[in-house]
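>>> output the structure for:
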Amino acid sequence: MDFGTDFKPYTVQPQKIEGRSFEMIDEEIGDHSFTVEQYPIVQRVIHASADFELGRSLLFHRDAIQSGIHAVRSGKKVVADVQMVQVGINKPRMEKFGCDVNVYISDQDVMEEAKRLNTTRAIVSMRKAIKEADGGIFAIGNAPTALLELIGLIKKGEAKPGLIIGMPVGFVSAAESKEELAKLDVPFITNVGRKGGSTVTVAALNAISILAEKV
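Residues are numbered from 1 along each chain as shown. Predicted coordinates for the structure are as follows:
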């Protein structure tokens, strides 16, 4: 294929592009302390962001990978904080295991309750989600207030997620919410600092679902 440029791409075949991308990640990441089961998640996060600093900053609860795989294979619900996370999740793979992907932030009752309480829809959406997603996976990539609310509900004994992928991006409370998550003794995947976002949260969850497919 001729793009009409001096630069000629390595290949235009999707599988070869992805394969070469992962080879480059392996070549460039350098020394790291991630385990064999954690590293595929790190690879996918770097692949989605081209950000090695973000990838190296990932933190894993000791049970995160196995708990995530178990939740997927058990057909547990997935709760996303925003539609951007929901859209990016590989739905055919999740549906194979019977996992529904849910997002409540735009539900009418959530919007009305948030307005009544003068608080964020993200907070109210987590209060709704915990009633329907016991043992499920919470994927939070945008709203620090959602993550903080979920943490508070866990501390009160009102929420028992199977896995939290908490990597909200931003300046206000983003880094702090992840610091609080890392203090919990519940299965989590998070990162250090302000970086994060829907894209890398999706990448981590899709990596978990890929591992769940393997025998």
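>>> what pairs with whichever helix or strand residue 138 is part of, parallel or antiparallel?
Under the criterion of DSSP states H and E, residue 138 resides in strand 137-140. According to DSSP bridges, strand 137-140 forms sheet pairs with strand 78-80 (parallel), strand 163-166 (parallel).
>>> which secondary structure elements does the lowest-mean-pLDDT helix or strand in the chain sit against?
Lowest on mean pLDDT, DSSP states H and E among the helices and strands of the chain sits helix 14-29, with a mean of 90. If you count contacts as 3 or more Cβ pairs under 8 Å, 6 or more residues apart in numbering; DSSP states H and E, helix 14-29 packs onto helix 39-49, helix 52-56. To be clear about C-beta, it is placed using only N, CA and C from the backbone, and glycine gets the same treatment.
>>> picking up where we left off before, can I get the strand holding residue 138 in CSV, CA atoms only?
In CSV, the C-alpha atoms belonging to strand 137-140 read as follows (Å, rounded to 0.1, in the frame of the first residue of the first chain):
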residue,chain,number,x,y,z
ILE,A,137,-15.4,-6.1,38.6
PHE,A,138,-15.4,-2.3,39.0
ALA,A,139,-13.5,-0.5,36.2
ILE,A,140,-13.0,3.1,37.1
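>>> what ranges does this structure have for its strands?
With DSSP state E as the criterion, the chain has strands at 58-60, 78-80, 101-103, 137-140, 163-166, 188-191.
>>> and the contacts of stretch 143-154?
81-82, 105, 119-120, 122-123, 125-127, 130, 138, 140, 159-161, 164, 166, 168, 170, 172-174, 176-178, 180-181, 184, 186 (Cβ atoms under 8 Å, 6 or more residues apart in numbering).
>>> pull out the buried positions in that stretch.
Residues 143, 144, 145, 146, 147, 148, 149, 150, 151, 153, 154 are the ones in stretch 143-154 that count as buried (16 or more other Cβ atoms under 10 Å).
>>> average pLDDT across that stretch?
The pLDDT scores in stretch 143-154 average 97.
>>> stretch 117-134 too?
95.
>>> ends of that stretch, what's the gap?
25 Å (Cα to Cα, to the nearest Å).
>>> buried sites along that stretch?
120, 121, 122, 123, 124, 125, 126, 127, 128, 129, 130, 133.
>>> coming back round to it: JSON lines for the strands paired with strand 137-140, including mean neighbour count, mean pLDDT and distance to residue 5?
Output for these, formatted as JSON lines (neighbours: other Cβ atoms under 10 Å; pLDDT from 0 to 100; distance: least, Cβ to Cβ, whole Å):
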{"stretch": "strand 78-80", "mean neighbour count": "28", "mean pLDDT": "97", "distance to residue 5": "38"}
{"stretch": "strand 163-166", "mean neighbour count": "29", "mean pLDDT": "98", "distance to residue 5": "38"}
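>>> now for the closest residue to residue 130 other than its chain neighbours: which residues touch it?
Of all residues not flanking residue 130 in the chain, residue 159 sits nearest, at 4.2 Å (Cβ to Cβ, 6 or more residues apart in numbering). Shown in contact with residue 159 (Cβ under 8 Å, 6+ apart): 126, 130, 134, 150, 153.
>>> between those residues, which sits nearest residue 10?
residue 150 (41.8 Å; Cβ to Cβ).
>>> from residue 161, how far off is the closest one?
7 Å (Cβ to Cβ, to the nearest Å).
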